[in-house]
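> Please find the sequence and the predicted model below.
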Amino acid sequence: MSNRPNAPPAHSLGQKTFALDGREVDLLHYIHSRPDIKQLRGSPQKVVSAIDEYHTKFNPLINVGSVKGAFVTNLIAERKPSVMIELGGYVGYSAILFGDAIRANGGKRFLSIEKNPEAAAVANQLVDLAGLRDTVRVLVGASDEVLRELVGDRKEIAQVEMIFIDHWQKLYQPDLWLLEELDVLVPGKSVLLADNVIMPGAPEYLEWVQATTRQKRELVKKLDVGSLTPNPNLVYETSVSEFDTDFGKDGIAVTRVVGKESV
Ligand SMILES: C[S@@+](CC[C@H](N)C(=O)[O-])C[C@H]1O[C@@H](n2cnc3c(N)ncnc32)[C@H](O)[C@@H]1O
């Protein structure tokens with residue numbers, strides 16, 4: 001039996017819906033009706049700026065945004081992963097920004113997992129427009145199912161180099177447990193970046209990545225892990241960087257896998 005919570009049908013604050021309500025397709029119409037559409041072709045930076053413009057002038061979008069985006073692209077330039085995975089692709093803003101950085105730093109692939117087929121279709125269009133079709137792949141489906149496929153059936157991922165976790169905060173911890181179970185987190189190599197850990201916040205995830213192995217061995221006895229098999233013996237080092245964003249103060253947790261205890 002799965003203990004995965006069901007994500008709300010749309011991102012909403014009280015009665016106010018602010019994503020996955022049609023604005024994503026509207027964004028596509030906006031981009032294609034711009035007088036500079038020809039200049040956007042093949043330019044990841046210009047496509048990202050056009051998405052930013054839509055966000056500022058028309059409807060806010062739940063993209064990582066330029067401030068946190070620059071923080072992640074700097075980490076990509078520093079670590080130079082060959083393959084990077086993202087959980088929650090939305091309209092492809094981060095996939096374009098980070099896919100471009102992966103390509104610029106000699107990497108091969110950015111795999112963006114997105115559950116909502118309409119958002120994924122918009123992302124695919126924009127990735128294509130940005131000229132990143134050879135680097136970025138948008139995979140439609142729930143994060144846990146696609147991760148299992150990538151590691152198991154398709155044998156595409158043997159080790160996680162860098163992963164950007166940005167789908168739904170309640171799933172951060174179970175999806176990390178899944179990565180632990182799949183044995184793809186490698187000491188000295190894997191880096192996990194989790195967005196929105198201050199707003200809306202991901203307290204269960206933060207508790208896990210900030211705990212010692214000893215604390216995690218105790219925690220795992222108390223928590224409902226469903227059918228998952230977390231590995232409390234992986235040693236993590238986590239820092240949270242804070243940013244002022246359009247929506248308020250937020251943070252990205254950077255977790256480095258630094259060791260594995262044998263018990
Ligand atoms: C905050 S947005 C991602 C923003 C994107 N990373 C960016 O910065 O441009 C969250 C996305 O996660 C998707 N999502 C929610 N639950 C998911 C799941 N279980 N698997 C994959 N995607 C999911 C939502 O449909 C939404 O598009």
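Yep, that arrived. Numbering: from 1, shown residues only.
> Confirm for me that residue 179 is in contact with residue 163.
Yes - Residue 179 is in contact with residue 163 according to Cβ atoms under 8 Å; the separation is 7.5 Å. No exception for glycine: its C-beta is placed from N, CA and C like everyone else's.
> The one residue in the chain that gets nearest to the ligand: how many residues sit nearby?
Nearest residue of the chain to the ligand (Cβ to the nearest ligand atom) works out as residue 88 at 2.8 Å. Applying the criterion other Cβ atoms under 10 Å, we find 22 residues in the vicinity of residue 88.
> Isn't it up against residue 120?
No - look at residue 88 against residue 120 with Cβ under 8 Å: they stay out of range, at 10.7 Å.
> Can you work out which residues contact both of the two?
A shared contact of residue 88 and residue 120, defined by Cβ atoms under 8 Å, 6 or more residues apart in numbering, is any residue touching both; here these are residue 114.
> returning to what we had before: mind pulling up the pLDDT for the residue of the chain closest to the ligand?
Looking at residue 88, its pLDDT reads 98.
> Using PDB, write out the CA atom coordinates for stretch 117-130.
Listed in PDB are the C-alpha atoms of stretch 117-130, where the atom choice follows Å, rounded to 0.1, in the frame of the first residue of the first chain:
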ATOM      1  CA  PRO A 117       0.400  16.600 -19.100                       C
ATOM      2  CA  GLU A 118      -0.700  20.100 -20.100                       C
ATOM      3  CA  ALA A 119       2.200  21.800 -18.300                       C
ATOM      4  CA  ALA A 120       4.500  19.200 -19.800                       C
ATOM      5  CA  ALA A 121       3.200  19.900 -23.300                       C
ATOM      6  CA  VAL A 122       3.900  23.700 -22.800                       C
ATOM      7  CA  ALA A 123       7.400  22.800 -21.500                       C
ATOM      8  CA  ASN A 124       8.100  20.700 -24.500                       C
ATOM      9  CA  GLN A 125       7.100  23.500 -26.900                       C
ATOM     10  CA  LEU A 126       9.300  26.100 -25.000                       C
ATOM     11  CA  VAL A 127      12.300  23.700 -24.800                       C
ATOM     12  CA  ASP A 128      12.000  23.200 -28.600                       C
ATOM     13  CA  LEU A 129      11.800  27.000 -29.100                       C
ATOM     14  CA  ALA A 130      14.900  27.500 -27.000                       C
END
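> All set now, cheers.
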